[in-house]
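1. Just need the structure, nothing else, for what follows:
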Amino acid sequence: MTTTKRKALHGRTKDCLNYIMNLDKTRDGTLVTGINCSPEFAYEEMCMVNRLYGNSGNRVGYHIFQNFNYLDDISPEKAHELGVQLAKELYPDYQCVVATHTDKAHIHNHICINSINLKTGNKLVDKLNHPEGIAYLREVSDRISRENGLTVIEEAPPIGQYKKKNFLYHYANKNWRGQIVTDIESLINEAESFDHLLDLLSIRGYRIKKGKYVKIAPVGSDLYFKLARINNGEYSESKLRQRIYENTKIDISYHQNNIYQHYKYIDETNNLADKHFDLKTNLMIKRGKLSSIINKQDSIVFKQNLQYNKYQKRRYEIKKQLNQMKNILTILNDTHIKDYDDLMLKISDAEAIYKDLKDNLDEIKQKNYLYQDIQSILKIYVELFSLSELIEEENIINNKAMKHTYQKEIKMFEEAKKELNMKFHVNSLEDAKELMVQTNKNKRLFVEELSKIRVHIKHMNALYELKNQIFECDIKKENDNLFKGFSINTNMIDYKRSNDNILCVRIPYTNNYIYISKNQCSWIKFNERLQIYFIEDQEFKIYDKNNHEIEFKSAEHLCQDNETYINKYRNKDLPKNK
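-> Next up is the predicted model:
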């Protein structure tokens, strides 16, 4: 329902005008209208009228709030139109600035009024039942709202007996913070970690900024809100992490039954053996392993004189193993992988999807960079456009004076105009506003694509985790010729010399390179860290950075050299403290 409020301004109207005409809250100033004054010079014009009529006293104006119910179907443009209608009907002979704010979940108008009547020079009458009083303000606002199909407070008590707690006032003032709290509460039970919670919010359209404090912006909001400042810190990062941790605590009996159900499902659907399920590489996870883990947990709990930190470390390792087993079984069920070939096919498909998503994101990112460079120039153009028009409309004498006074502003506007016209063919204020809209749309699109990639990378990491488990099982088997090599960062891969099947990687602690099949590599964390596996008796040609062949080396020698470098680094003599 529509509600109204009015308060007197003391001292000056400048602070009120600056607040209500905030570009971030009024869609870059498109939802601002002046009545009997121009919004850009409203303060100067109000001061001039006050000096003209010799306004004395501290009461210089009034600030009106008009809030619409967030459940009402009303656009910002329509709300602004109703605010202008209200101001013109109640205060036709006063200087007013009407601004519509979209920074909260409910749309609302602000009206700043100069206290002097332009015709009579008298101050606005602040009596309750006067045509200019607050009783008529509510009456006219309610009538306009009803005419436009909006809800109002029915059977409201007389002004002076109004109390917020007696009415649904908070519905008309539901803010973005309330929306954020509602969405977090609906998602927190699904989240496995704080980062997962942020991903779920991203999928809902939230924009997220990470830094010292995490900031989020819901769909429709132009402003970001710090989680640490919502509900007096109840939704800070540390408290959310603690809540998620409490929700995801491991219950041994639950996981025992849960994993047993996974086995049962796999046994029934895939007709696999009762004691293990077999990928092509004979990956085995036995129920006995789970039982031994639980027995170890019990022995730790009842062991006497055990230090607390050792218990916690061991408990963490057990939780990690249980979760790892559960994740592997979940992946197998969800993806219907039956053998190693199926897994490699899924990985190949996932990499192709990732490439398409990445190319699309890069294209959007390039547009974003271009828009970011021009955004500050756009603001200058929009802010100074009205001033330039006013100077052009003035007579010759005043024109020269104004040009001298606003010399710096005119120069900035002309340079901004030239830059925009050259890059985007912006020739009018409408073109500039349209470009601003396109900039915001591109930002939103970038966030949506980024959230898609994050979700897809999680899926890819799960597949690679399964591939790593297969390799680890092969290594543990007797008479197997596979062994673990070294791991490298992404910046150690030379993509220019790589192709779809072969990777050119730099040998750790050297400037030399080898070529290795992608089948012998698996990501520990996609696009961050890669694990390389070797086969016994495998030999490699060693190349320098210019791709000149240097020597031959076996896989065993490469790993031995790498281990030597690591030990040398670990055992390096440290300087003694003086």
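2. which sections of the stretch 101-250 of the chain are below the confidence cut-off?
-> 105, 154-175, 219-220, 248-250 (pLDDT under 70).
3. Let me see the ranges of the strands in the stretch 1-150 of the chain.
-> 3-10, 32-35, 59-67, 96-101, 108-114 (DSSP state E, counting those that start in this stretch).
4. among the ones you listed, which gets the worst mean confidence?
-> Comparing mean pLDDT across those, the weakest is strand 3-10, with a mean of 86.
5. how big is the angle separating that strand from strand 108-114?
-> Strand 3-10 runs at 30 degrees relative to strand 108-114, counting by axes from the mean of the first three to the mean of the last three Cα atoms, to 10 degrees.
6. buried set for strand 3-10?
-> Within strand 3-10, the residues scored as buried using 16 or more other Cβ atoms under 10 Å are 3-4, 6, 9. Backbone N, C-alpha and C define where each C-beta goes, glycine included.
7. Of all residues in the protein, which one is nearest the centre?
-> In the chain, the residue lying closest to the centroid (Cα atoms, centre = their mean) is Ile208, at 1.6 Å.
8. measure that one to Ala217 for me?
-> When distance is defined by Cβ to Cβ, to the nearest Å, Ile208 is 8 Å away from Ala217.
9. picking up where we left off before, go ahead and measure how far whichever strand or helix holds the residue nearest to the centre of the chain is from the middle of the chain.
-> Assessed by DSSP states H and E, Ile208 sits inside strand 207-209. How far strand 207-209 lies from its chain's middle: 2 Å, per Cα atoms, centre = their mean, to the nearest Å.
10. thinking again about what came up before, Gly149: which of the buried residues of strand 3-10 is nearest?
-> Using Cβ to Cβ, Thr3 is the member of the buried residues of strand 3-10 that lies nearest Gly149, at 16.8 Å.
11. For that closest one, give the beta-bridge partners.
-> In this structure, Thr3 bridges to Asn67 when assessed by DSSP bridges.
12. Summarise which helices and strands the longest helix seen in the chain is packed against.
-> Using DSSP state H to define each element, the chain has its longest helix at helix 340-393. The helices and strands touching helix 340-393, judged by 3 or more Cβ pairs under 8 Å, 6 or more residues apart in numbering; DSSP states H and E, are helix 396-405, helix 407-424, helix 429-476.
13. quick one: which of these is nearest His106?
-> Proximity to His106, assessed across these by Cβ to Cβ, is greatest for helix 429-476 (20.6 Å).
14. before we move on, the earlier item: dump the helices and strands packed on helix 340-393 into TSV; add mean neighbour count and distance to Val181 as well.
-> Shown next, in TSV, are those (neighbours: other Cβ atoms under 10 Å; distance: least, Cβ to Cβ, whole Å):
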stretch	mean neighbour count	distance to Val181
helix 396-405	12	49
helix 407-424	15	40
helix 429-476	16	21
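15. looking at those, which one has the lowest mean pLDDT?
-> What stands lowest among the helices and strands packed on helix 340-393, in mean pLDDT terms, is helix 396-405, with a mean of 65.
16. Skip the chain neighbours and tell me the closest residue to Ile113.
-> Distances taken as Cβ to Cβ, 6 or more residues apart in numbering place Tyr62 nearest to Ile113, at 4.6 Å, with adjacent residues excluded.
17. quick one, what contacts that neighbour?
-> Contact analysis of Tyr62 by Cβ atoms under 8 Å, 6 or more residues apart in numbering lists 6-9, 112-113, 115, 124.
18. So for Ala350, what pLDDT did the model give?
-> pLDDT for Ala350: 91.
19. Please work out how many residues are found near it.
-> For Ala350, the neighbour count with other Cβ atoms under 10 Å is 20.
20. Check Glu192 too.
-> 13.
21. That one against Ile244, yeah?
-> Yes. Taking contacts as Cβ atoms under 8 Å, Glu192 lies within contact range of Ile244: 7.4 Å.
22. Now for Ile337: which residues touch it?
-> Counting by Cβ under 8 Å, 6+ apart, Ile337 touches 279, 331, 343, 346, 466.
23. and with 7 Å instead?
-> With contacts defined as Cβ atoms under 7 Å, 6 or more residues apart in numbering, the neighbours of Ile337 are 343, 346.
24. Over to Gly121?
-> Applying Cβ under 7 Å, 6+ apart to Gly121 gives the contacts Tyr53.
25. tell me the phi and psi of it?
-> Per-residue torsions, Gly121: phi 80, psi 0 (degrees, to the nearest 10).
26. what's the answer for the one 3 residues further on, then?
-> Dihedral angles of Leu124 (phi, psi; degrees, to the nearest 10) stand at phi -60, psi 130.
27. Relative to Asp103, how far out is Phe225?
-> The gap separating Phe225 from Asp103 is 10 Å, by Cβ to Cβ.
28. oh sorry, the question was meant for Tyr354
-> Going from Tyr354 to Asp103 by Cβ to Cβ gives 36 Å.
29. Give me the pLDDT value at the nearest residue to Asp474 once chain neighbours are set aside.
-> Among residues not flanking Asp474 along the chain, Leu482 sits closest, at 4.9 Å (Cβ to Cβ, 6+ apart). Predicted confidence (pLDDT) for Leu482: 80.
30. tell me the contacts of Leu482?
-> Residues counted as contacts of Leu482 (Cβ under 7 Å, 6+ apart) are 471, 474-475, 533, 535.
31. And for Asn189?
-> The neighbourhood of Asn189, defined by Cβ under 7 Å, 6+ apart, consists of Asn247.
32. Just confirm it is within a helix.
-> No. Looking at Asn189 with DSSP: H, G, I helix; E, B strand; the rest coil, it is coil, so not inside a helix.
33. how far away is it from Leu466?
-> Using Cβ to Cβ, Asn189 is found at 27 Å from Leu466.
34. Then Asp195?
-> The gap separating Asp195 from Leu466 is 21 Å, by Cβ to Cβ.
35. for Asp431, same thing?
-> When Asp431 is compared with Leu466 (using Cβ to Cβ), they lie 53 Å apart.
36. now do Lys358
-> Separation of Lys358 from Leu466 (Cβ to Cβ): 22 Å.
37. Equivalent analysis for Ile116, please.
-> Using Cβ to Cβ, we find Ile116 at a distance of 76 Å from Leu466.
38. before we move on, the earlier item: figure out which of the helices and strands packed on helix 340-393 is closest to Ser522.
-> Short answer: helix 429-476, nearest of these by Cβ to Cβ, at 4.6 Å.
39. could you say what helices and strands that closest one packs with?
-> Packing contacts for helix 429-476, counted by 3 or more Cβ pairs under 7 Å, 6 or more residues apart in numbering; DSSP states H and E, involve helix 194-203, helix 308-335, helix 340-393, strand 482-489, strand 521-525.
40. tell me the angle of the longest one relative to helix 429-476?
-> To tie it back to what came earlier, the one meant is helix 340-393. Here the directions of helix 340-393 and helix 429-476 differ by 160 degrees (the same axes, to 10 degrees).
41. ditto for the fourth one
-> For strand 482-489 and helix 429-476, the angle between their directions (the same axes, to 10 degrees) works out to 150 degrees.
42. CA atoms of strand 482-489 as CSV?
-> The C-alpha coordinates for strand 482-489 follow below in CSV (Å, rounded to 0.1, in the frame of the first residue of the first chain):
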residue,chain,number,x,y,z
LEU,A,482,52.1,-46.7,-14.2
PHE,A,483,53.6,-44.3,-11.6
LYS,A,484,53.0,-40.8,-10.4
GLY,A,485,55.1,-38.0,-11.9
PHE,A,486,55.3,-34.3,-11.1
SER,A,487,52.5,-31.8,-10.9
ILE,A,488,52.6,-28.4,-12.7
ASN,A,489,50.8,-25.1,-12.7
